[in-house]
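J.: got a sequence here, can you build the structure:
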Amino acid sequence: MRRTLMCSAAVLPLTAAMFLPTTASATAAGPAAAGCAAVRVPAPAGTRIESVTAARRAGGTVRGTGVVGGSVADVPPYCEVTLTVTHPGADDHAKVRVWLPAAGWNGRFQAVGGAAYSAGDNGVGLGTAVKGGYAAATTDAGIGDALDTGWALDGRGRVNAALLENFASRSQHETAVVGKEVVAAVYGRSASYSYFTGCSTGGREGYMEAQKYPADYNGILADAPAVNWDEFEVATLWPQVVMHEEKTYPTACEFNAFNQAVLKACDGLDGVTDGLVSDPGACDFDPARLVGTTVLCEGKEVTITAADAAVVRKIWDGPRSASGERLWYGLPVGADFSWLAATQTAPDGSVTGRPFGVPAAWVASFVLKQPSFDTSTLTYDRFAQVFAQSKDEYDKVIGTDDPDLTAFRRAGGKLLTWQGEADQLIPTRGTVDYRERVDRAMGGTKRVDDFYRLFLAPGTAHCALNGGGTNDLAALTDWVEHGRAPQTLTATLTTATGRAVTRDLCRYPMVSRYSGHGDPAAAASFRCVPADRR
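T.: Just a heads-up that it's a prediction; the model follows:
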């Protein structure tokens with residue numbers, strides 16, 4: 001990442017004098033001009049801090065590193081403190097970066113989660129937080145970028161347990177501890193409130209914090225969370241297994257024809273045809289209805305076959321055992337097939353599957369310990385074995401599915417989540433399943449709503465509301481700091497025709513329904529009703 005420094009590119013060593021603000025204005029607004037120095041903070045239990053450096057950054061446009069990329073403009077000047085944390089005997093070196101606004105600090109601390117196999121932020125989330133006045137922190141957990149799993153196995157071909165523990169839970173907790181200490185040392189006072197924000201892997205990390213370290217944060221915004229990791233990661237290879245076993249590989253155009261048919265059949269179930277399916281759970285479209293119809297694909301007419309429909313039905317239904325037992329949930333109806341059901345064509349014209357890299361790496365490296373294993377060749381029987389093995393070995397390590405959030409509730413924490421109903425990477429029903437298990441474990445929906453609320457976004461893909469698509473963080477801070485629990489989340493959604501519309505996302509288990517009058521592009525034209533009142 002390219003960063004422009006506010007002064008010379010000096011990086012101060014740990015031996016530099018610790019700075020504490022000496023004036024009230026510096027304490028309230030940010031570090032004084034000379035205050036961006038390495039600070040001494042206590043090492044979290046079981047760790048040693050190997051190094052601390054500090055550097056002034058000019059802000060401006062921050063460009064995200066790695067495959068995720070992205071950028072954020074107009075970031076104000078900030079101080080970057082970087083600490084390297086190790087666990088004696090583990091030979092790991094996890095970096096924690098803390099960005100502190102040079103002026104205008106809002107008194108809050110925000111930790112930012114990662115994506116795929118990246119434990120932390122690539123700079124865009126940190127820049128966005130600083131732009132909003134937060135002191136922000138993230139960690140790399142001592143591992144690599146979003147699609148890098150080269151760290152999974154050690155030299156003897158065994159899973160690197162220390163780095164997996166860092167990725168699963170340990171480094172996020174230590175970031176909370178260290179990050180808040182840095183904030184207190186630099187500003188001369190502790191943050192008034194602490195928040196965690198993340199989507200996908202970041203969402204899973206937020207849930208892990210609530211489950212395992214319930215006192216770390218006042219509020220957790222954990223979107224499209226990758227909970228049930230040991231199950232859903234294997235389950236998202238199911239489309240590849242189905243195509244391989246059925247020897248049928250529909251094209252992207254053919255898959256899209258089924259989604260268009262779903263939209264046509266179920267769009268109006270909420271009272272208006274507007275390019276969004278508000279409640280996919282009420283959509284009972286049978287793929288067989290499309291058999292025999294023709295679609296235009298790359299200028300050629302293609303006829304949908306019974307084999308195509310059977311593949312789609314199995315993908316939507318999700319993985320099952322040989323006896324018919326549901327193992328996990330399938331691709332949401334209406335979600336894009338192209339990520340999990342991708343194919344490739346050889347020079348001789350033969351077609352094979354092309355598995356999505358994240359679940360493929362999980363199965364090959366972590367479950368089978370064979371990084372070169374071709375997951376496109378999994379059979380139904382082998383898939384079931386791998387699914388069971390993943391659960392047995394990793395549920396307690398990274399499953400992040402403990403429904404007992406009693407300690408988090410007692411600590412006064414608030415957990416807020418949204419997820420797209422058309423999430424193409426993490427089955428939305430898995431998140432709903434977790435929420436329902438929490439309801440059963442903790443006294444029912446009404447009691448759980450006191451501290452944990454879930455919102456589902458119609459027609460929305462994986463993490464697609466990130467970057468300002470909804471007022472989620474504002475809603476969370478209002479809930480934490482003023483006790484006003486969000487009844488809805490305001491969001492900008494994109495319809496099937498590409499039109500931007502506003503909607504108030506309904507709190508699960510409510511669903512959105514057109515009121516019968518008003519502009520279908522306006523949130524005020526809809527109301528939230530129980531899902532069974534249709």
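J.: give me the distance between stretch 129-142 and the centre of its chain.
T.: 16 Å (C-alpha atoms, centre = their mean, to the nearest Å).
J.: sorry, that was for stretch 305-313
T.: For stretch 305-313, the distance to the chain centre is 31 Å (C-alpha atoms, centre = their mean).
J.: same question for it, mean pLDDT?
T.: Stretch 305-313 shows an average pLDDT of 98 in the prediction.
J.: if we go by neighbour counts, what in that stretch is buried?
T.: Across stretch 305-313, burial judged by 16 or more other C-beta atoms under 10 Å covers 308, 309, 310, 311, 312. The way it works is simple: take the backbone N, C-alpha and C, and place the C-beta from them, glycine included.
J.: for the nearest residue to residue 136 once chain neighbours are set aside, what are its contacts?
T.: In this structure, residue 136 finds its nearest non-sequential neighbour in residue 129, 3.6 Å apart by C-beta to C-beta, 6 or more residues apart in numbering. Contacts for residue 129 (C-beta atoms under 8 Å, 6 or more residues apart in numbering) come out as 99, 110, 112, 135, 136, 197.
J.: so which of those belong to helices?
T.: Nothing among the contacts of residue 129 maps onto helices, per DSSP state H.
J.: mind putting the residues you listed into JSON lines with pLDDT and distance to residue 206?
T.: JSON lines is the format used below for these (pLDDT from 0 to 100; distance: C-beta to C-beta, whole Å):
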{"residue": "99", "pLDDT": "98", "distance to residue 206": "19"}
{"residue": "110", "pLDDT": "98", "distance to residue 206": "12"}
{"residue": "112", "pLDDT": "98", "distance to residue 206": "10"}
{"residue": "135", "pLDDT": "98", "distance to residue 206": "18"}
{"residue": "136", "pLDDT": "98", "distance to residue 206": "15"}
{"residue": "197", "pLDDT": "98", "distance to residue 206": "8"}
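J.: from those, which is closest to residue 167?
T.: Nearest to residue 167 among these: residue 112, at 15.4 Å, using C-beta to C-beta.
J.: that closest one against residue 122, yeah?
T.: No. Counting by C-beta atoms under 8 Å, residue 112 stays clear of residue 122, with 9.5 Å between them.
J.: now residue 264: which helix or strand?
T.: Following DSSP states H and E, the helix or strand that holds residue 264 is helix 252-266.
J.: residues in contact with that helix?
T.: Helix 252-266 has contacts (C-beta under 8 Å, 6+ apart) with 275, 277, 280, 282-283, 285, 287, 289-290, 293, 295-298, 302, 304, 308-309, 312, 333-338, 341, 496.
J.: pLDDT below threshold where in the protein?
T.: Scanning the chain with the threshold set as pLDDT under 70 gives 1-34, 532-534.
J.: again, only this time at 80
T.: For the chain, residues meeting the criterion pLDDT under 80 lie at 1-35, 532-534.
J.: let me have the contacts of residue 129 in CSV, adding neighbour count and distance to residue 148 as columns.
T.: Below are the contacts of residue 129 laid out as CSV (neighbours: other C-beta atoms under 10 Å; distance: C-beta to C-beta, whole Å):
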residue, neighbour count, distance to residue 148
99, 28, 23
110, 30, 25
112, 28, 19
135, 30, 28
136, 29, 23
197, 29, 23
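J.: burial check on the residue lying closest to residue 48 once chain neighbours are set aside, number of neighbours?
T.: The shortest distance from residue 48 to any non-neighbouring residue, by C-beta to C-beta, 6+ apart, is to residue 86 (5.4 Å). Residue 86 has 18 neighbouring residues, counting by other C-beta atoms under 10 Å.
J.: might one say that residue 86 is in contact with residue 47?
T.: Yes. With contact defined as C-beta under 8 Å, residue 86 counts as touching residue 47 (6.6 Å).
J.: just the strands from the stretch 201-350 of the chain, written as ranges.
T.: Under the criterion DSSP state E, counting those that start in this stretch, strands of the stretch 201-350 of the chain are mapped to 219-223, 294-297, 300-303, 343-345.
J.: and the third one, which residues are buried?
T.: Meaning strand 300-303. For strand 300-303, a neighbour-count test (16+ other C-beta under 10 Å) marks residue 302 as buried.
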